[in-house]
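K.L.:
what's the 3D shape of this:
(chains A and B)
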Amino acid sequence: MTGETILGVKDLSVTFRVGRKDFKAVNRVNFDIARGETLSLVGESGSGKTTIGRAILRVNPVSSGEITWKGERISGKIPAERERRLRQGIQMIFQDPMASLNERAKIDYIVSEGLLNFHLFKNEAERRAKVEKALLDVGLLPEFASRFPHEFSGGQRQRVGIARALVMEPELLVADEPISALDVSIRAQVINLMNRLKRERGLTYLFIAHDLSVVRFISDRIAVIYRGRIVELASSEALFAKPIHPYTRSLLSAVPVPDPEAERAKRHIAYDASVHDYSKVEPAWIEAEPGHFVLGTEGEARAWASL
Amino acid sequence: MSGASKRAVAVEAGGSGANSDAAATLPKPILEARDLHVSFSLRGKRLTALRGASLELRKGETLAIVGESGSGKSVFAKSFLGMLDKNGRVDSGGILFDGMDLARFSKEKEWLAIRGKRIAMIFQDPMTALNPLKTVGEQIREAAALHRGLDRKASRLAVLETLERVGISDPEMRYRQYPHEFSGGMRQRAVIATAVACKPEVLICDEPTTALDVTVQAQILDLIKSLQRDLAMSVIFITHDLGVVASVAQRVAVMYSGQVIEQGTVEEVFYDPRAPYTWALLASLPQLGVKGEELYSISGAPPSLFREIKGDAFAPRNPNALEVDFVHEPPEYEVSGTHWAKTWLLDPRAPKLEPPASIKRLRERLGQVRAADALRGSEGGRL
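P.N.:
Below is the predicted model of the structure:
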């Protein structure tokens, strides 16, 4: 990875209190994101991937570990001024464009809400110009500003969601399943848009998703998460060419690919977490190949390497 | 212009001789929809959901219906069970099943002999399909007792056997549990058990794995495949996920705006698609894209179903649409004995059009697959 580290996550844990018991949703997670990079967090429901995204945005409090943004700590108690910079610099795109836009507000207000909160304009004309530009950037017409969300299709609404994030001129976009609620043909539009913004503006993405096959197309690196722990992290090419952790292999074998011949030849590998014996030795983060990390013990790593 | 009997023959037949031979030996259709028109009255207006949709389901096969939201795939399947909403009706066309025309059914009593008993359906969300106030075993038993006329003891035994068959371990204990004690995947297994316990001839699955995690999805797909094989059921599988289609189906019907616009074996449709909409659908998949290149994307939105659609419904979104596409609806052109598509591109008078690059890559893949088949010798019929 070249370039500066824009976001650092070190030993992050997030614990929720469920009744009288503690539930560790995120368990000692580590990763960095370089400027201009797309990192994807991939896991199944309940794996903690969304919780990590929310912890970065300070929605969920961190119970231990630390998150840094351009070298400064942003988890726990931080100065108000830093929080302000962060709220502008990191924006989020949500999964369901039907649920994440205020039904009663016009697009103009939805897109400029962040600008209003942060007084990021000198006068009304500048605010309008910013909204117009954000809409044009995502391929919508400026006159759409006077309409309501229900007048738009799913793909257009998701663009409004992206425009609302872009208008803040963020450096990092956290996208939580931004395409899984969309139809196949609309998906391509949104993926192309996100890739274009990355190219043209050097945007950095943290992409949260469950569908490995889609993630492969857009990510530079992929982190696979299982029950709150990242079990494998590698460049997307390396992860698909040589998955190491048994959970990653199981996940890859489970994703149906649109190729009947390949599907016929495929066997689903089940993952059984009880194959790991971590009673004596705690699993560690092992660099199996340069840039390719896997969670396991030394013994496991040797066994996996010979596969 | 539609209807299987009036099918035109395309000049440029892509299928080899083997395909036409396969057509002759195919099993008979068990369920056949012919030129079905279905509409709904909505706020004083008529919404035409199906505009002459046709398909045939053959005995023992899995047929996937694939389409985007609003293409009419769920309405199509619901019409086979008399489950259209109250404001909907079949305007014309037929649904042939075992010598009966289901489209002519008017009384609920007629449907009761079919629905659940001979044609069963599984829905997307298993929680809404199960009664939260009854134990899982009891509700499956009720269905089995009703449709198979078994007494309490016999039906209980049948349920335990079915639970085991769908991969629910410790069926005795699971029988007594309530739906909320089941995980999502287990609930869907219970729903499948309900459908299968009545030993239906046709099983319709409407997006049964969309709400599930991928690893659970893989298990449920494996289960449906093995049930279909062992019980000799014919399955209609509705989905928007082309990966799932490739995994479960032998044949596939692609729907757009209330019509089936292309139908063929999975190999034919995935490796040699002919309709521009099928091209667009496949080309827009990130799985088939090349990293760093733009994905092919379909502009615009499907047409409003409240208005009458003139010509080819996909024409306004098709950058290479022909003039005739805006005026006349294309007929079904036969590509091979098992493959047809509704597009003027297959007309002898149409100009030769190059498909998008990713479709060409798919055709090369077809070449590889056929070569591999030839090497493997004449194991023949994959159906």
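K.L.:
just the strands in the stretch 1-150 of chain B please.
P.N.:
For the stretch 1-150 of chain B, applying DSSP state E, counting those that start in this stretch gives strands covering B:8-9, B:29-42, B:45-58, B:62-66, B:88-97, B:100-101, B:119-122.
K.L.:
Quick check: residues of the stretch 1-150 of chain B near chain A?
P.N.:
Counting by CB under 8 Å from any CB of the partner chain, the stretch 1-150 of chain B comes close to chain A at B:68-69. Where C-beta positions appear, they are placed from N, C-alpha and C, glycine not excepted.
K.L.:
Sorry, wrong one. I was asking about the stretch 201-350 of chain B.
P.N.:
Counting by CB under 8 Å from any CB, the stretch 201-350 of chain B sits next to chain A at B:213-215, B:217-219, B:221-222, B:240-247, B:266-267, B:270-271, B:280-282, B:284-289, B:291, B:294-299, B:301.
K.L.:
among these, which ones are buried?
P.N.:
The neighbour count (16 or more other CB atoms under 10 Å in any protein chain shown) marks B:213-215, B:217-219, B:221, B:240-247, B:266-267, B:270-271, B:280-282, B:284-289, B:295-298, B:301 as buried among these.
K.L.:
Now, these that are in helices?
P.N.:
B:214-215, B:217-219, B:221, B:242-247, B:266-267, B:270-271, B:280-282 (DSSP state H).
K.L.:
Residue A:121 contacts residue A:115, doesn't it?
P.N.:
Yes: applying CB atoms under 8 Å as the test, residue A:121 and residue A:115 come out as touching, 5.6 Å apart.
K.L.:
List the residues that are in contact with both of those two.
P.N.:
A:127, A:130 (CB atoms under 8 Å, 6 or more residues apart in numbering or on different chains).
K.L.:
Going along the chain, name the helices of the stretch 101-250 of chain A.
P.N.:
Ranges of helices in the stretch 101-250 of chain A, per DSSP state H, counting those that start in this stretch, are A:107-118, A:124-137, A:154-166, A:184-201, A:212-218, A:236-241, A:246-254.
K.L.:
Next, the contact list for the closest residue to chain A within the stretch 101-250 of chain B, please.
P.N.:
With CB to the nearest CB as the measure, residue B:243 is the residue of the stretch 101-250 of chain B nearest to chain A, at 3.3 Å. Residues in contact with residue B:243 (CB under 8 Å, 6+ apart) are A:213, A:255-258, A:263, B:287.
K.L.:
cool, residue B:316 as well?
P.N.:
Contacts of residue B:316 (CB under 8 Å, 6+ apart): B:300, B:303, B:326.
K.L.:
That one and residue A:153: what is the separation?
P.N.:
Going from residue B:316 to residue A:153 by CB to CB, to the nearest Å gives 14 Å.
K.L.:
Could you check how far the residue of the stretch 101-250 of chain B closest to chain A is from residue B:301?
P.N.:
In terms of CB to CB, residue B:243 sits 24 Å off from residue B:301.
K.L.:
again with residue B:231
P.N.:
Taking CB to CB, one finds residue B:231 at 41 Å from residue B:301.
K.L.:
do the same with residue A:231
P.N.:
Plainly put, residue A:231 is 40 Å away from residue B:301 if you go by CB to CB.
K.L.:
Next: residue A:235.
P.N.:
Remark: distance between residue A:235 and residue B:301 (CB to CB) = 36 Å.
K.L.:
same thing with residue A:210?
P.N.:
26 Å.
K.L.:
now residue A:184
P.N.:
Residue A:184 is 13 Å from residue B:301, by CB to CB.
K.L.:
Mind listing what's buried along stretch A:19-28?
P.N.:
A:25-28.
K.L.:
Switch the residues you listed over to a markdown table; also include pLDDT and secondary structure.
P.N.:
Below are the buried residues of stretch A:19-28 laid out as a markdown table (pLDDT from 0 to 100; DSSP: H, G, I helix; E, B strand; the rest coil):
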| residue | pLDDT | secondary structure |
| --- | --- | --- |
| A:25 | 93 | strand |
| A:26 | 94 | strand |
| A:27 | 92 | strand |
| A:28 | 93 | strand |
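K.L.:
Between the residues you listed, which sits nearest chain B?
P.N.:
residue A:25 (16.4 Å).
K.L.:
and that closest one, what does it touch?
P.N.:
Here residue A:25 is in contact with A:14-16, A:48, A:51, A:228 (CB under 8 Å, 6+ apart).
K.L.:
which of the residues you listed lies closest to residue B:251?
P.N.:
Residue B:251 has its nearest neighbour among the contacts of residue A:25 in residue A:48, at 40.4 Å by CB to CB.
K.L.:
The closest one contacts residue A:23, correct?
P.N.:
No: assessed by CB under 8 Å, residue A:48 is found out of contact with residue A:23, at 10.1 Å.
K.L.:
Quick check: residues of chain A near chain B?
P.N.:
A:44-45, A:153, A:183-185, A:187-189, A:191-192, A:195, A:210-214, A:216-218, A:250-251, A:253-263, A:266, A:268, A:270-271.
K.L.:
Drop anything exposed from those.
P.N.:
Buried among these by 16+ other CB under 10 Å: A:44, A:183-185, A:187-189, A:191-192, A:195, A:210-214, A:216-218, A:250-251, A:253-261, A:263, A:266, A:271.
K.L.:
what's the spacing between residue B:38 and residue B:332?
P.N.:
To residue B:332, residue B:38 is 19 Å away according to CB to CB.
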